[in-house]
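1. make a model of this:
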Amino acid sequence: MNSQILFVSLALVFIFVAGANATTITIKNNCQRTIWPATLTGDQKPQLSTTGFELAPGATQSVDIPAGTWTGRFWGRDRCSTDASGRFMCATGNCGSGRVECNGLSGALPATLIELTIRGDGGKDFYDVSNVDGFNVPASVAPQGGSGECQQSSCPVNINDACLAELQYKSGNDVVGCLSACTKFNEDRYCCRGAFDKPETCPSTDYSNFFEQKCPQAYSYAYDDKTSTFTCTGSNYLITFCP
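-> The predicted structure is shown next:
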């Protein structure tokens with residue numbers, strides 16, 4: 001084998017090994033109270049090694065995304081407790097499993113979502129913070145290494161403090177979440193469906209503009225792609241609640 005063929009062979013091996021590596025997602029809680037992060041894997045693939053856990057203030061926990069293309073979401077459950085029967089419940093983001101682990105169930109709205117596609121189109125990662133399903137906890141996602149633009153996406157503002165009266169989601173007298181217009185009113189013009197299922201027919205509204213003004217980097221409604229989708233290649237990621 002001549003040196004040129006050997007070089008090409010070694011390069012291919014390196015690419016294969018690098019592509020087979022897992023991606024590590026580290027979750028950090030910067031909030032002043034305990035948060036219960038949860039995760040949901042999409043595309044009918046197996047769930048991650050953990051689908052929910054308790055995270056005390058200042059604590060971190062990591063989870064590995066397996067090799068290959070992966071799509072899923074992370075969110076923070078807030079104000080959680082276990083009742084006398086042993087059933088686990090949360091004021092926001094509750095997945096309804098009755099346990100700390102969500103086991104493939106999605107979170108109740110409103111919830112701030114961190115959405116990730118790892119090794120997607122062209123081998124790139126795609127990620128965002130989304131308020132399309134409403135807001136409950138400030139959150140960010142930041143690449144740790146990688147190549148490309150690799151910018152942080154963040155919604156660091158506590159939108160609950162300024163939530164419009166008609167969108168407020170309460171636990172007792174406390175505003176614990178801020179509903180999106182789609183979740184609150186369930187109308188096609190807010191949910192970008194039916195006759196409003198294209199960017200041309202589903203422009204921003206006063207409600208989505210409220211979320212956009214508070215967190216310009218986060219998705220405010222379904223077609224808010226230009227300022228809200230971020231890309232990176234070959235990175236690990238840090239998700240922070242209350243960045």
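2. strands of this protein, residue ranges please.
-> Using DSSP state E, the strands assigned to the chain run over residues 23-29, 35-41, 60-65, 70-82, 88-92, 113-118, 125-130, 139-144, 153-155, 168-171, 174-178, 230-232, 236-241.
3. which of these sits closest to Asp161?
-> strand 174-178 (7.7 Å; C-beta to C-beta). For the C-beta atoms, the positions are set from N, CA and C on the backbone; glycine is no exception.
4. tell me the contacts of the nearest residue to Gly104 once chain neighbours are set aside?
-> Of all residues not flanking Gly104 in the chain, Gln47 sits nearest, at 5.3 Å (C-beta to C-beta, 6 or more residues apart in numbering). Gln47 makes contact with Thr39, Leu40, Thr41, Asn103, Gly104 under the criterion C-beta atoms under 8 Å, 6 or more residues apart in numbering.
5. quick one: residues contacting the third one.
-> The neighbours of Thr41, taking C-beta under 8 Å, 6+ apart as the test, are Gln47, Leu48, Trp70, Thr71, Gly72, Gly104.
6. show the pLDDT at the third one.
-> For Trp70, the pLDDT comes out at 97.
7. just checking, it touches Lys45?
-> Yes. Contact criterion C-beta atoms under 8 Å: Trp70 and Lys45 qualify, at 7.0 Å.
8. and those two? Which one has more around it.
-> Between Trp70 and Lys45, Trp70 has the larger neighbour count (other C-beta atoms under 10 Å), namely 21 against 13.
9. bridged to the more buried one, which residues?
-> Beta-bridge pairing of Trp70 under DSSP bridges involves Ile118.
10. ok, it to Glu166 distance?
-> The gap separating Trp70 from Glu166 is 37 Å, by C-beta to C-beta, to the nearest Å.
11. so, low pLDDT: which residues of the chain?
-> The chain contains residues with pLDDT under 70 at 1-20.
12. at 80 instead, please
-> 1-21, 226 (pLDDT under 80).
13. now do the contacts for the residue most central in space within it.
-> By C-alpha atoms, centre = their mean, the chain has its centre lying nearest to Ile114, at 1.1 Å. The neighbours of Ile114, taking C-beta under 8 Å, 6+ apart as the test, are Arg73, Phe74, Trp75, Tyr127, Asp128, Val129, Ser130, Ala139, Val141, Ile239.
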